[in-house]
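> sequence first, then the predicted structure, then my questions.
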There are 2 protein chains.
Amino acid sequence: MVKELLRSHSSVRIYDGEQLSKETVVDLIETAQMAASSHFVQAYSVVWVTDEAKKEQLGLLSGNPRQYETSGAAFVFCVDFKRLQAAGKLEGVDIVADSAENVLVGVADVALFAQNFVVAAEAEGYGICYIGGVRNKPEEISDLLGLPDYVFPLFGLTIGVPARRNEVKPRLPVGAVLHENTYDENYDEQLHAFNATMENYYSSRSSNRKIDNWTKQMADFLVEQRRPHIKDFLAKKGFTWQ
Amino acid sequence: MVKELLRSHSSVRIYDGEQLSKETVVDLIETAQMAASSHFVQAYSVVWVTDEAKKEQLGLLSGNPRQYETSGAAFVFCVDFKRLQAAGKLEGVDIVADSAENVLVGVADVALFAQNFVVAAEAEGYGICYIGGVRNKPEEISDLLGLPDYVFPLFGLTIGVPARRNEVKPRLPVGAVLHENTYDENYDEQLHAFNATMENYYSSRSSNRKIDNWTKQMADFLVEQRRPHIKDFLAKKGFTWQ
């Protein structure tokens, strides 16, 4: 059942090395494309990295080389307004790609598309892992993959037959996420409850046990600005946030 | 089969009016939450608009009142760093919410979560429509729903039992979207092929027939900057794009 499939998701980081066929990849991408797209702009592109030297480089640049090594395929999912420029040119029009709105549209388009890809892949028994680490070295990765202006890497994705599955991680209580009519800022009770859930999860899972909770993790992670180079990188790519 | 479900998606804009129960909504949200989240930040919130006056207002502000009228439930999906600030405060830390990186993370998190919601809903026989129109009047909608700083509406979503289903729309040829190792800018052939596909689709579908193609639509749509107020709106909400 679809609900059980979606509820059983956990990231897979070690695969058995079996490579996906071109037929499988094309089938997954075509399924992914059926996701909704804002005003039908379809502002996404995917680079499938099959060249071994490039794949190794991508793994080093995004900080998780071993995951790429065992994967059955490795992708970089990109926001793409270059193709929309080409569409405009065919009509004799210079489109306006550079706007805050288009960044929102492009990122949302890529993510809806990617999540459809993931659901289709998991339904076939594959495991996946999103890799935000491509934004650690986005310029180097753009050079590696020949990404032109108006295209930027949003996240990577590895996929393959799982060699090991992680336990499913709990999520925030639904009451912290779902508001009725008016946004409710009273989080303390929910955060304490979720901390207790996560402490229990981290201390009793089958491997990598630790004493930790969610608010501690978030405070440690967000106390400093993450990836401060992103603004300048996007400006160089043509997205100056107008 | 999951693949067939994903491939049969089309937006539904007229519903039979039957209301979703709270149990169904909570179940869909909990399933949606199992999507991957960047560094587990879970930077999303959803406002379920059940108040009739608010729902009417939301429909007017986002430009599609009739769709809200017949829907079984109406939601606004938001990027949320407010809850992460609350998490920081519990730990005595002021988190850095305001960064270009966090806008990317938040939008991607919301969209992965929303697409899981959509797949779960469509598997149960519901139809849905994403509504980017909430970004037409984001300040008014923020006021309507009491969205605090560090929370902004990314898109709306209506859901319900379909009263009418649209045909499934073709998508760009997979070759225009999928690149191997290096980004390929040679789009002309693919764009001409897709224009032929779309001309055929628009001229032969069962209703609302027209003569149109994709590059024309995109050129018309993007010749001017869309939603130029978004940058200032986000700055007011605490996202100054650092």
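Looks like it came in fine. Numbering: from 1, shown residues only, chains lettered A, B, ... in the order given.
> and A:Lys3, backbone torsions?
phi -60, psi -40 (degrees, to the nearest 10).
> contacting residues around it?
A:Lys3 sits next to B:27, B:31, B:120, B:123-124 when contact means CB atoms under 8 Å, 6 or more residues apart in numbering or on different chains. Every residue, glycine included, has its C-beta placed from N, CA and C.
> A:Gln57 and A:Glu140, how far apart?
8 Å (CB to CB, to the nearest Å).
> want to try JSON lines for the contacts of A:Lys3, with neighbour count as columns?
Shown next, in JSON lines, are the contacts of A:Lys3 (neighbours: other CB atoms under 10 Å in any protein chain shown):
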{"residue": "B:Asp27", "neighbour count": "18"}
{"residue": "B:Thr31", "neighbour count": "24"}
{"residue": "B:Ala120", "neighbour count": "23"}
{"residue": "B:Ala123", "neighbour count": "19"}
{"residue": "B:Glu124", "neighbour count": "15"}
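> hang on, the earlier thing: between A:Gln57 and A:Glu140, point out the one with more neighbours.
Each of A:Gln57 and A:Glu140 had its neighbours counted (other CB atoms under 10 Å in any protein chain shown), and the higher figure belongs to A:Gln57 (19 against 15).
> the more buried one is in contact with A:Leu144, isn't it?
Yes. Between A:Gln57 and A:Leu144 there is a contact under CB atoms under 8 Å: 5.7 Å.
> tell me which stretches of chain A form helices.
Counting by DSSP state H, chain A has helices at residues A:2-7, A:22-32, A:52-61, A:65-70, A:82-90, A:100-123, A:138-145, A:174-177, A:188-204, A:214-222, A:230-236.
> most widely separated two among the contacts of A:Lys3?
Greatest spacing in these, by CB to CB: B:Asp27 and B:Ala123 (11.6 Å).
> got the domain ranges for chain A?
For chain A, the structural domains run A:2-167, A:174-215, going by automatic domain parsing.
> so which of those is the most packed in?
Among the domains of chain A, domain A:2-167 has the highest mean neighbour count (mean count of other CB atoms under 10 Å in any protein chain shown), at a mean of 21.
> end to end on it, go ahead and measure it.
Chord length of domain A:2-167, first to last residue, is 19 Å (CA to CA, to the nearest Å).
> figure out how far that domain is from the centre of its chain.
Centroid separation between domain A:2-167 and its chain, computed with CA atoms, centre = their mean, to the nearest Å, is 7 Å.
> could I get the top strand by length along chain A in CSV with only the CA atoms?
In chain A, assigned by DSSP state E, the strand with the most residues is strand A:151-160. Taking C-alpha atoms only, strand A:151-160 is exported to CSV below (Å, rounded to 0.1, in the frame of the first residue of the first chain):
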residue,chain,number,x,y,z
VAL,A,151,21.3,26.5,-13.8
PHE,A,152,22.4,25.5,-10.2
PRO,A,153,22.8,22.3,-8.3
LEU,A,154,20.2,22.0,-5.5
PHE,A,155,20.9,18.6,-4.2
GLY,A,156,22.5,15.3,-5.2
LEU,A,157,20.8,11.9,-5.0
THR,A,158,22.3,8.4,-4.7
ILE,A,159,20.2,5.4,-5.4
GLY,A,160,20.7,1.6,-5.4
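> could you check that strand against chain B for contacts?
Yes. For strand A:151-160 and chain B, the contact criterion (CB under 8 Å from any CB of the partner chain) is met by A:151, A:154-155.
> from those residues, pick the one nearest A:Glu23.
Of all the residues of strand A:151-160 next to chain B, A:Glu23 sits closest to A:Phe155, with 24.4 Å by CB to CB.
> quick one, what contacts the closest one?
Taking CB under 8 Å, 6+ apart, we find A:Phe155 in contact with A:76-77, A:110, A:114, A:130-132, A:134-135, B:108.
> next, see if the helix or strand of chain A with the lowest mean pLDDT gets close to chain B.
Least confident helix or strand, chain A: helix A:65-70 with a mean of 91, by mean pLDDT, DSSP states H and E. No. Helix A:65-70 does not reach chain B (CB under 8 Å from any CB); its nearest approach is 13.8 Å.
> what helices or strands is that helix leaning on?
Helices and strands touching helix A:65-70, by 3 or more CB pairs under 8 Å, 6 or more residues apart in numbering or on different chains; DSSP states H and E, are helix A:52-61, strand A:151-160.
> who touches that helix?
A:13-17, A:55-56, A:58-59, A:74, A:129, A:131, A:158, A:160, A:163.
> can you do 10 Å?
With contact meaning CB atoms under 10 Å, 6 or more residues apart in numbering or on different chains, helix A:65-70 is reached by A:11-18, A:49, A:52, A:55-60, A:62, A:74, A:129, A:131, A:133, A:156, A:158, A:160-164.
> what is the nearest of the residues of strand A:151-160 next to chain B to B:Leu178?
Of the residues of strand A:151-160 next to chain B, the one sitting nearest to B:Leu178 (CB to CB) turns out to be A:Val151, at 13.7 Å.
> so that closest one makes contact with A:Ala86?
No. If you go by CB atoms under 10 Å, A:Val151 and A:Ala86 don't touch, sitting 11.5 Å apart.
> what touches both of these two?
Common neighbours of A:Val151 and A:Ala86 (criterion: CB under 10 Å, 6+ apart): B:Glu185.
> can you tell me how far the closest residue to A:Asp51 other than its chain neighbours is from B:Ser204?
Residue nearest to A:Asp51 in three dimensions, not counting chain neighbours: B:Asn181, with 4.8 Å by CB to CB, 6 or more residues apart in numbering or on different chains. Note on B:Asn181: its distance to B:Ser204, by CB to CB, is 38 Å.
> and A:Phe81, by the same measure?
The spacing between A:Phe81 and B:Ser204, counted by CB to CB, is 30 Å.
> and stretch A:27-36, how far apart are its ends?
End-to-end distance for stretch A:27-36, by CA to CA: 17 Å.
> then stretch A:208-226?
Using CA to CA, the end-to-end distance of stretch A:208-226 comes to 25 Å.
> wait, A:Val47 sits on A:Ala73?
No. The criterion here is CB under 10 Å, and A:Val47 misses it with A:Ala73 at 11.3 Å.
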